[in-house]
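Student: how would this look folded up:
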Amino acid sequence: MPQPPLAEFLLPTDELRDDLPFFTKTLGMRLETIFPADDPSVASFSGHGIRLRIEKGADAAPGHLRILTDDPDSFAGGARELTAPNGTRITLAPLTPQVARIETQHEFAVRRLADEAPWVIGRAGMHYRDLIPSRLGGSIIASHIRIPDGGPVPDMVHYHTVGFQLIFCYRGWVDVLYEDQGDVMRLHAGDCVTQPPGIRHRVVEASPNIEVIEIGVPAEHVTTIDHDFTLPNGVGDPNREWDGQTFVHHTKDAATWTPFRLPGFTARDTGITKGTKGIAGIQVVRRAEGETRPFTHDADIHFTFVMEGTMTLHADGHAPRTLEAGDGFVIPPGLQAAYRDASADLELLEVALRGDYTTTLR
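Tutor: The predicted structure follows:
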């Protein structure tokens, strides 16, 4: 049976004998081939998931090799940056992606659908629209996502290295698979799920013109494809935690509406504050009877997306903004704001981090 193809990286050298001890002893790679015997000028090494060919006088750049390890102190004497005799730069980097700790850059921001913000094509052919252009310094990404044609989605089993992630079905329906959650679940408009850090999942199929709102903290996070994991994988422990968070599946039809923290509104809580142990709070808000009042809050991040209807957003020091479906806004902590002139069909998606924040009526 023929040997399968093998790939290797070509690196140059001026003197191979200087590189041999560095790549074998310092980097711990294995010498595979070397020639000619009387005056070696070419050698191949393997290790750390790659194969290298170092050749005297090769027409190639020295390159930059990243070695991934979660125990850098035990590798190459604890050095984080090295340079091989042939000029190849070596950098030690974490093997397991870590959640970046980003300090929020607070601002008052409004993003209107009518302003024709660009849609860009992202992962699996989905269209993305950024709802917080500044991303508050990289602390959060809020995306309005749509799949115009619907049908099967060319997605792979994957997971995210995140602090918090929400998928809220805004319009249409979408079929998804999640680790330990059984067979395909269908999210209808108004339903949502959390994607705890590391949970394997895959989008299966979507209705035509499906739209979802996706929240990720921080804004930039690593997505890892798991080629060896198969979904569905059965039903696991419903109380299982991923980095301290449980999987939350909230359905609109089973929701209970209660008075909102602001007079003149009612809300349904998604249970996400409990599922994330206070990391985030997600509520759907509707107009109700009674007068509205100005308020301030002490949440680090407070983002709201207008799903239906219209309203006027008032904020101290800013001109009133008339908002409609598809618009989003951020209110920083301590800024006095008010929701005025709300239409009877107004419906808002409110995202707060943390979820156990305090509101003060003015």
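
Student: just name the shakiest helix or strand of the chain by mean pLDDT.
Tutor: strand 120-121 (a mean of 82; mean pLDDT, DSSP states H and E).

Student: quick one: strands adjacent to that one?
Tutor: Strand 120-121 has the following strand partners under DSSP bridges: strand 127-130 (antiparallel).

Student: so what does the next helix or strand after the partner strand touch, helix or strand wise?
Tutor: Remark: after strand 127-130, the chain's next helix or strand is strand 141-147, criterion DSSP states H and E. When contacts are defined as 3 or more CB pairs under 8 Å, 6 or more residues apart in numbering; DSSP states H and E, strand 141-147 packs onto strand 127-130, strand 210-217, strand 301-308. Quick note: C-beta positions are derived from backbone N, CA and C, even for glycine.

Student: contact partners of the very next helix or strand once past strand 141-147?
Tutor: Sequence order places strand 151-152 as the next helix or strand after strand 141-147, per DSSP H and E. Strand 151-152 is contacted from outside by V204, E205, A206, P208, using CB atoms under 8 Å, 6 or more residues apart in numbering.

Student: dump the helices and strands packed on strand 141-147 into JSON lines; add distance to T358 as well.
Tutor: Formatted as JSON lines, these follow (distance: least, CB to CB, whole Å):
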{"stretch": "strand 127-130", "distance to T358": "29"}
{"stretch": "strand 210-217", "distance to T358": "20"}
{"stretch": "strand 301-308", "distance to T358": "12"}
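
Student: minimum distance to L349: which of those has it?
Tutor: strand 301-308 (4.4 Å; CB to CB).

Student: what are the contacting residues of the closest one?
Tutor: Contacts for strand 301-308 (CB under 8 Å, 6+ apart): 104, 131-132, 136, 139-140, 142, 144, 170, 213, 215, 217, 284, 323-333, 345-353, 357.

Student: of those, buried ones?
Tutor: 104, 131-132, 136, 139-140, 142, 144, 170, 213, 215, 217, 284, 323, 325-332, 346-353, 357 (16 or more other CB atoms under 10 Å).

Student: using CSV, write out every CA atom in stretch 86-93.
Tutor: The C-alpha trace of stretch 86-93 is given here as CSV (Å, rounded to 0.1, in the frame of the first residue of the first chain):
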residue,chain,number,x,y,z
ASN,A,86,19.5,29.6,10.8
GLY,A,87,17.4,32.7,11.7
THR,A,88,14.0,31.0,12.3
ARG,A,89,12.1,32.8,15.0
ILE,A,90,10.5,30.6,17.7
THR,A,91,7.6,31.9,19.8
LEU,A,92,5.9,30.0,22.7
ALA,A,93,2.1,30.4,22.7
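
Student: how distant is it from the center of its chain?
Tutor: 29 Å (CA atoms, centre = their mean, to the nearest Å).

Student: packing partners for whichever strand or helix holds R17?
Tutor: If you go by DSSP H and E, R17 is part of helix 16-21. Packed against helix 16-21 by the contact rule (3+ CB pairs under 8 Å, 6+ apart) you find strand 42-47, strand 50-56.

Student: buried residues in stretch 248-260?
Tutor: Quick answer for stretch 248-260 (16+ other CB under 10 Å): V248, H249, H250, A255, F260.

Student: start and end of it, how far apart?
Tutor: In stretch 248-260, first residue to last residue: 21 Å (CA to CA, to the nearest Å).

Student: what's next to that stretch, contact-wise?
Tutor: 181, 185, 188-194, 265-272, 275-276, 282-286, 288.

Student: chain center to that stretch, what's the gap?
Tutor: For stretch 248-260, the distance to the chain centre is 25 Å (CA atoms, centre = their mean).

Student: cool, stretch 133-145 as well?
Tutor: Worked out by CA atoms, centre = their mean, stretch 133-145 lies 10 Å from the chain centre.

Student: span of that stretch from start to end?
Tutor: Start-to-end, stretch 133-145 (CA to CA) is 15 Å.

Student: partners of the nearest residue to P133 once chain neighbours are set aside in the sheet?
Tutor: Leaving aside its sequence neighbours, P133 sits nearest to R111 (CB to CB, 6 or more residues apart in numbering; 6.7 Å). Taking DSSP bridges as the rule, R111 bridges to G328.

Student: just confirm R111 contacts D327, I think it does.
Tutor: Yes. The pair R111 / D327 is scored as a contact, 6.5 Å apart, by CB atoms under 8 Å.

Student: ok, of the contacts of stretch 248-260, which come out buried?
Tutor: 181, 185, 189-194, 265-272, 275-276, 282-286, 288.
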